[in-house]
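> Sharing a model that was predicted from the sequence below.
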Amino acid sequence: MKLMSDIYNKSITAIKGIGATRAKLFNRLGIFTVEQLINYFPRDYEDRSHIKKIVDLEDEEKVAFEGIVNSGVQEKILRKGLTIYQIMVKDETGSILAIWYNQNYIKRIFKKGERYIFYGMISRKFNTLKVQSPVYEKGDAKKIIGIIPVYASTNGLTQNIIRASIKEALGLTVKGHEDIFPKWLKDKYNLAHINYSVHNIHFPMSDDDFKKARYRLVFEELFLLQLALLCIKNTFQKDKDGIKFDDFYQKEREFTQKIGFELTNAQKKVFDEIKKDMESKKVMNRLVQGDVGSGKTIVAFLALYKAVLNGCQGALMVPTEILARQHYESICNLMSKEDIKIALLIGSQSKKQKSEILSKLEKGEFNIVIGTHAIIQESVKFFNLGLVITDEQHRFGVRQRAVLSNKGKNPDMIVMTATPIPRTLALILYGDLDISIIDELPPGRRPIETYIVDNSMRERINNFIRKMVSSGHQVYIVCPLVEDSESVDAKSAQKLAEKIAKEDFKDLNVGLIYGKMNGKDKDGVMGKFLDGEIDILVSTTVIEVGVNVPNAVLMVVENAERFGLSQLHQLRGRVGRSSYQSYCILYNESASKVAKERMRVMEKTNDGFVIAQKDLELRGPGEFFGTRQHGIPQLKIANLYNDIDILKEAQEAAIEILKQDRDLSLQEHLLLNKRIESDFKEKLNELSLN
Ligand code: ADP
Ligand code: MG
């Protein structure tokens, strides 16, 4: 929410109690202005609204109680560096021991006979009641009573300081929050007033008030996100009439028979859906989702073939050069008997090579182009682009896809992704796309067997690697990025590769591949791996997407706990691409419970959707790999896991608004328009959606 008064733009030092030193601490939390402070929503709440009698206190509950200090403060040195301070507190029903650790000021606080309210975690063992490090308040002020916000904090910034600062900020801006919604919309969706909501999200008067406030703010957040996305889509989907492709029934059938395998029913179903779209007048906007290894590539090739039969050009854009080269090779093989000219366009080609390709593309001498981001450079022009496909869609930004589309006249569009995304996220990202799902793996695949191991198993695992290689198979070993910087990344993978090549497996052929390697070298290594000249490929995550080497049947992941589950699932998808039994070994060096539970999910299931859902559950939406990958801005209050119902309403509302007023130019939408501009302008470029 925005505030109408000037105060919201001011530095937080305008708030009483925040000087330069404290401001620095707030800055660490990303809070610089009063507005940001007000929008710093609680991470949790403590329900201190009920005061219990001591007799009713239960083990392991966090609760408030009231009583009289019944002893002086006792000081006990338990061992060096650990001193406890304790008092006895009683009411008419019983007594309880309150304990603090190493806080000697406690000695000066409590006097026998005084009345206090306490709040803390109760423990009841052998009928002894204790409360550890409770918060407390003297007399009847009841400041610590109620529903109390808990904020994510940083060292040196106490909850009390944050609470007081936010209270102060709210006081300065009581009635000044700007309501972006037109009245009819607020009525229709029962949205609480913005001033009320902002106050009650921080300091709810009751559970009910909190719910109303949260509903309004979650709605607002999701609504704005939706609206921003829809606005972008508008900018490149204005004309609805597309190309009406003909049905070359006989030729399409013949071509399908040349593939070398029978399409699965799921592939057939999805290609039929694509065919129908292509043969209709409307522009196709279709998302093809299919778990890793489900065979999306061939479906894309069939669509490209159909476009070419119709005299149109087709483009397939992929996120990495490795993948581009691989697709290029397989499509060349597949179409070698046809009169179809196929180009590869990637960043590492020489200027001369590129300009030759570009001129032929523009003249229509190439029918199909496979490439990386190089395809969307301004210099790339087409003769008659009729179909654009992006593979591994989650790696691209929304603008990038728009740019590709705009190189043709309303070309049909397919986006393909293996990243299983939870339903909520799919609704946000692909709300207006038609979705096809390849929900079946090619026949004969055996589920990949996954094992979680630690360093103590290294020798056994190394023997297993050896066994795989000596039976004629190949192995991937993946290392995580140690830091963001590519040089560090390269070094770590390189070091490991060296160790593996020179020590562990000096008698085998070990190859290395990492992100910043130049295209030629990558190509060389990948080619050797594909040809079986390399037994063990050590890599960073560059092989995460798309790569297809069916003879590789073992994947070993170092420090698997550092990866998101969905990412691990993608990595694991590099094996299990043939009828051989495949294995995935995950080294987990973390003792953390959550890490272990996450690894267990990988052990238990091969279903990408289940994994994505679990990932979201275990790590929370903020950290969920999908959100960041998709460029969705960090959500302040909405929870992608729980707020699906609100999301649907917000989406409906956003569509309704745009139907009335496509570019938000009506007076009653002015504030909305401004908000979209200010909140999303920069971020929109990163959003990787349709
Ligand atoms: P992904 O959906 O992960 O992109 P790919 O398209 O790379 O999967 O296909 C994985 C492997 O399965 C490839 O080797 C491909 O040739 C093979 N494949 C695809 N469809 C079938 C099928 N219907 N029958 C047998 N093998 C298939
Ligand atoms: Mg693929």
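Received the coordinates, thanks. Ligands and ions are numbered 1, 2, ... in the order given.
> Give me the pLDDT value at the residue lying closest to Ala20 once chain neighbours are set aside.
Spatially, and ignoring its direct neighbours in sequence, Ala20 is nearest to Thr13 (6.9 Å; CB to CB, 6 or more residues apart in numbering). All C-beta spots, glycine's among them, are computed from the backbone N, C-alpha and C. Per-residue pLDDT puts Thr13 at 93.
> likewise Gly242?
What the model reports as pLDDT for Gly242 is 87.
> Pretty sure it sits against Met413.
No. Assessed by CB atoms under 8 Å, Gly242 is found out of contact with Met413, at 9.1 Å.
> Just give me the neighbour total for Phe382.
24 (other CB atoms under 10 Å).
> could you check the distance from it over to Tyr40?
Computed as CB to CB, to the nearest Å, the Phe382 to Tyr40 distance reads 49 Å.
> From Arg325, how far out is the residue nearest to Ala20?
As judged by CB to CB, Thr13 and Arg325 stand 56 Å apart.
> The two: which has the busier surroundings?
For Thr13 versus Arg325, neighbours defined as other CB under 10 Å are more numerous around Arg325 (23 against 15).
> hey, where'd the helices end up in the stretch 501-650 of the chain?
Secondary structure of the stretch 501-650 of the chain (DSSP state H, counting those that start in this stretch): helices at 519-530, 565-572, 593-604, 608-619, 625-630, 644-660.
> List the contacts of Tyr85.
Contact analysis of Tyr85 by CB atoms under 8 Å, 6 or more residues apart in numbering lists 73-76, 99-101, 103-104, 106-107.
> buried subset of those residues?
Neighbour counting with 16 or more other CB atoms under 10 Å marks 73, 99-100, 106 as buried within these.
> quick one: which of the residues you listed is nearest to Leu441?
Proximity of the buried ones among the contacts of Tyr85 to Leu441 (CB to CB) peaks at Ile99, which lies at 58.0 Å.
> Excluding sequence neighbours, find me the nearest residue to the closest one.
Gln86 (4.6 Å).
> what's the domain layout of this structure?
Annotated domains of the chain cover 50-145, 249-280+295-417, 449-605 [automatic domain parsing].
> Of all those, which one is nearest Glu668?
Nearest to Glu668 among those is domain 249-280+295-417; the distance by CB to CB comes to 27.3 Å.
> avg pLDDT for the closest one?
Confidence for domain 249-280+295-417, expressed as mean pLDDT, is 92.
> Briefly note if it comes near ligand 1.
Yes. Interface with ligand 1: domain 249-280+295-417 contributes 261-264, 267, 295-298 (CB under 6 Å from any ligand atom).
> Run the chain-centre distance for that domain.
Computed by CA atoms, centre = their mean, to the nearest Å, the chain-centroid distance of domain 249-280+295-417 equals 28 Å.
> Now do it: distance from first to last residue.
With CA to CA, to the nearest Å as the measure, domain 249-280+295-417 spans 28 Å from end to end.
> Tell me where the stretch 1-150 of the chain has strands.
For the stretch 1-150 of the chain, the strands defined by DSSP state E, counting those that start in this stretch cover 2-3, 44-48, 51-52, 62-69, 74-79, 82-91, 94-101, 115-125, 128-138, 146-150.
> ok, the closest residue to Ile322 other than its chain neighbours - contacts?
The shortest distance from Ile322 to any non-neighbouring residue, by CB to CB, 6+ apart, is to Met526 (5.4 Å). Residues counted as contacts of Met526 (CB under 8 Å, 6+ apart) are 322, 325-326, 513, 547.
> Asn462: neighbouring residues, count only.
For Asn462, using other CB under 10 Å, the count is 14.
> sec struct for it, please.
When classified by DSSP: H, G, I helix; E, B strand; the rest coil, Asn462 comes out as helix.
> Quick check: closest non-adjacent residue to it.
Asn462 sits nearest to Asp504 (CB to CB, 6+ apart), 5.7 Å away.
> Isn't that neighbour up against Asn463?
No. Counting by CB under 8 Å, Asp504 does not reach Asn463; the two are 10.4 Å apart.
> quick one: which of the two has more around it?
Under the neighbour definition other CB under 10 Å, Asp504 and Asn463 were set side by side, and Asp504 has more, 18 against 10.
> how much space between the more buried one and Ser471?
Separation of Asp504 from Ser471 (CB to CB) stands at 18 Å.
> before we move on, what about Ala23?
64 Å.
> ditto for Ser294
Noted for Ser294: a distance of 27 Å to Ser471, by CB to CB.
> likewise Lys516?
For Lys516 relative to Ser471 (CB to CB), the value is 34 Å.
> So for those two, which sits in the more crowded spot?
Using other CB under 10 Å as the criterion, Lys516 and Ser471 rank with Lys516 on top: 12 against 9.
> And the helices in the stretch 201-350 of the chain?
Per DSSP H, counting those that start in this stretch, the stretch 201-350 of the chain carries helices over the ranges 207-236, 249-257, 265-279, 296-309, 321-334.
> Most tightly packed of those helices?
Of all the helices of the stretch 201-350 of the chain, helix 296-309 carries the top mean neighbour count, a mean of 23, counting by mean count of other CB atoms under 10 Å.
> Give me the helices and strands touching that one, please.
Applying 3 or more CB pairs under 8 Å, 6 or more residues apart in numbering; DSSP states H and E, one finds that helix 296-309 makes contact with helix 249-257, helix 265-279, strand 285-290, strand 313-317, helix 321-334, strand 385-390, strand 412-417.
> does Thr128 have beta-bridge partners, and which?
Following DSSP bridges, Thr128 is listed with bridge partners Lys125.
> quick one: the closest residue to Tyr8 other than its chain neighbours from Phe126, how far?
Using CB to CB, 6+ apart and skipping the chain neighbours, the partner closest in space to Tyr8 is Glu35 (3.8 Å). Distance of Glu35 to Phe126, given as CB to CB: 52 Å.
> what residues does the protein put near ligand 1?
261-264, 267, 290, 292-298, 418, 442, 546, 548, 550, 577.
> Buried subset of these as a PyMOL selection?
Listed next is the PyMOL selection for buried residues among the residues of the chain next to ligand 1, using 16+ other CB under 10 Å:
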select buried, resi 263+264+267+290+292+293+294+295+296+297+298+418+442+546+548+577
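> I figured Ala374 hits Gly347, correct?
Yes. The pair Ala374 / Gly347 is scored as a contact, 5.0 Å apart, by CB under 8 Å.
> between the two, which one's more packed in?
Set side by side, Ala374 and Gly347 show more neighbours around Ala374, with 21 against 14, by other CB under 10 Å.
> if I look at the residue lying closest to Ser123 once chain neighbours are set aside, how far off is ligand 1?
Excluding its sequence neighbours, the residue lying closest to Ser123 (CB to CB, 6+ apart) is Lys130, at 4.9 Å. Per CB to the nearest ligand atom, to the nearest Å, Lys130 is found 56 Å from ligand 1.
> and if you look at Ala64?
For Ala64, the distance to ligand 1 (CB to the nearest ligand atom) stands at 55 Å.
> next one: Gly120
Distance from Gly120 to ligand 1, by CB to the nearest ligand atom: 52 Å.
> from memory that residue sits against Gln132, does it?
Yes. Judged on CB under 8 Å, Gly120 makes contact with Gln132 at a distance of 6.3 Å.
> what about the stretch 551-690 of the chain, any weak spots by pLDDT?
Low-confidence segments of the stretch 551-690 of the chain, defined by pLDDT under 70: 616, 618-634, 641, 681-690.
> residues shared between the contacts of Gly242 and Met413?
Here Gly242 and Met413 share the contacting residues 283-284, scored by CB under 8 Å, 6+ apart.
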